[in-house]
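In: take this sequence and fold it.
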Amino acid sequence: SASFEALGMSLLYSSTAPSTGIERELSISTSARSLINAVRRGIRPRDVVTHRSIRNAMAVVMAVGGSTNAVLHYLAIAAAARSALSLHDVELIRRRVPVICNMKPSGLHSTADLHSAGGVPRVMHELALAGLIDESCLTITGRTIGAELLAAHRKRHGSTVVLPTNMALYRTGRLVVLRGNMSRDGAVAKTSGLSILLHSGTARVFRSEEACVQAILNGCVRIGDVVVLIYLGPKGGPGMPEMLSPTAALVGMGLGQSACLITDGRF
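Out: Just a heads-up that it's a prediction; the model follows:
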């Protein structure tokens, strides 16, 4: 994950380097040496993974237009690190951090393009200029993230992949925290590329992914409907599965822009 570079738990450039390139081989050997060095110096995960470093990681997630899964995982990581990160914190970060990467699936560029443009360090450099990165956070190397960014190579300043914050694609992040009568404790929606942010329609409720997909393919879900998938959370599923099949089925049936999907599973 690119955000692990911002978290300080992986080396800069390591997440975006192409798997077939020499950079990947160099990253593996350098990572191994850094790990041995951390053990010798007594640097432990909880020294690196703190409330401040998690906020850095979430800032990068917002800046690159990342996945809703990042919220799920960083809430769990924060709990393991004894950090009090909440959905409220995520929403506050979203409001502060602009989307400065034009990345797929809602944008134009790939991870390889991001790497060529300077990778996560380039993203963090732009955020740091805007005061959106805490550069004092420790990393697995034993140096601060600010020191790591200072030593990082600067590539492709004129890139269309990573933009300055004053030329952002969106002024705020696209992972929006929602609250309402269906989810009083909060839910997350990714709004990148959406042209319609208000939807009202007939609820079609399903208790399994399989039943939902079959109904969509049989034409039981129509334009304007709201597909509700329940019992697919951490205690259901099993294991909180990602709803890729129902979403693919909706798109395949021409309902990608005209139906809504709500689930307690991952989406």
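In: start to end distance for stretch 34-53?
Out: 19 Å (Cα to Cα, to the nearest Å).
In: for it, which positions count as buried?
Out: By neighbour count on 16 or more other Cβ atoms under 10 Å, the buried set for stretch 34-53 is Ser34, Ala38, Ile43, Asp47, Val48, Val49, Thr50, Ser53. Yep, even glycine has a C-beta here, placed from its N, CA and C like the rest.
In: which SS state does Leu178 fall under?
Out: strand (DSSP: H, G, I helix; E, B strand; the rest coil).
In: need the contact list for the residue nearest to it when sequence neighbours are not counted.
Out: Of all residues not flanking Leu178 in the chain, Ala187 sits nearest, at 4.8 Å (Cβ to Cβ, 6 or more residues apart in numbering). By Cβ atoms under 8 Å, 6 or more residues apart in numbering, the contact set of Ala187 is Val177, Leu178, Arg179, Gly180, Ile262.
In: hang on, Ala187 in a strand?
Out: Yes: under three-state DSSP, Ala187 falls within a strand.
In: what's the spacing between it and Glu91?
Out: In this view, Ala187 and Glu91 are 11 Å apart by Cβ to Cβ, to the nearest Å.
In: show me what the top helix by length along the chain is in contact with.
Out: If you go by DSSP state H, the chain has its longest helix at helix 22-41. Outside helix 22-41, the residues that touch it by Cβ under 8 Å, 6+ apart are Ser10, Leu11, Tyr13, Ser14, Ala17, Pro18, Arg44, Ile140, Thr141, Gly142.
In: please check those and keep the buried ones.
Out: For the contacts of helix 22-41, buried by 16+ other Cβ under 10 Å: Ser10, Leu11, Tyr13, Ser14, Ala17, Ile140, Thr141, Gly142.
In: and the two most separated of those residues?
Out: Taking Cβ to Cβ, the two most distant members of these are Ala17 and Gly142; they sit 21.9 Å apart.
In: list the contacts of Gly193.
Out: Pro105, Ser106.
In: make that Thr191, sorry
Out: Contacts of Thr191 (Cβ under 8 Å, 6+ apart): Arg174, Leu175, Val176, Leu197.
In: quick check: the gap between the last one and Gly65.
Out: This means Leu197. 16 Å.
In: distance from stretch 56-66 to the middle of the chain?
Out: 6 Å (Cα atoms, centre = their mean, to the nearest Å).
In: contacts only, for the residue nearest the centre of the chain.
Out: Closest to where the C-alpha atoms of the chain average out (Cα atoms, centre = their mean) is Gly66, at 3.1 Å. With contact taken as Cβ under 8 Å, 6+ apart, Gly66 is in contact with Ala2, Ser3, Val60, Leu175.
In: would it count as being in a strand?
Out: No: counting by three-state DSSP, Gly66 falls outside a strand, being coil.
In: got a pLDDT number for it?
Out: For Gly66, the pLDDT comes out at 90.
In: give me the local confidence score for the residue nearest to Thr139 when sequence neighbours are not counted.
Out: With Cβ to Cβ, 6+ apart as the criterion, Thr139 has its nearest non-adjacent residue at 3.6 Å, and that residue is Gly8. We have a pLDDT of 97 for Gly8.
In: low-confidence stretches in the stretch 101-250 of the chain?
Out: For the stretch 101-250 of the chain, the stretches flagged by pLDDT under 70 are 154-158.
In: now for the nearest residue to Ala259 once chain neighbours are set aside, how many residues are close by?
Out: In space, and not counting its chain neighbours, Ala259 is closest to Asp225: 5.1 Å by Cβ to Cβ, 6+ apart. Asp225 has 20 neighbours, counted by other Cβ atoms under 10 Å.
In: mind listing what Asp225 touches?
Out: If you count contacts by Cβ under 8 Å, 6+ apart, then Asp225 has Gly201, Thr202, Ala203, Arg204, Leu255, Ala259, Cys260 around it.
In: neighbours around the fourth one, how many?
Out: The tally of other residues near Arg204 (other Cβ under 10 Å) stands at 18.
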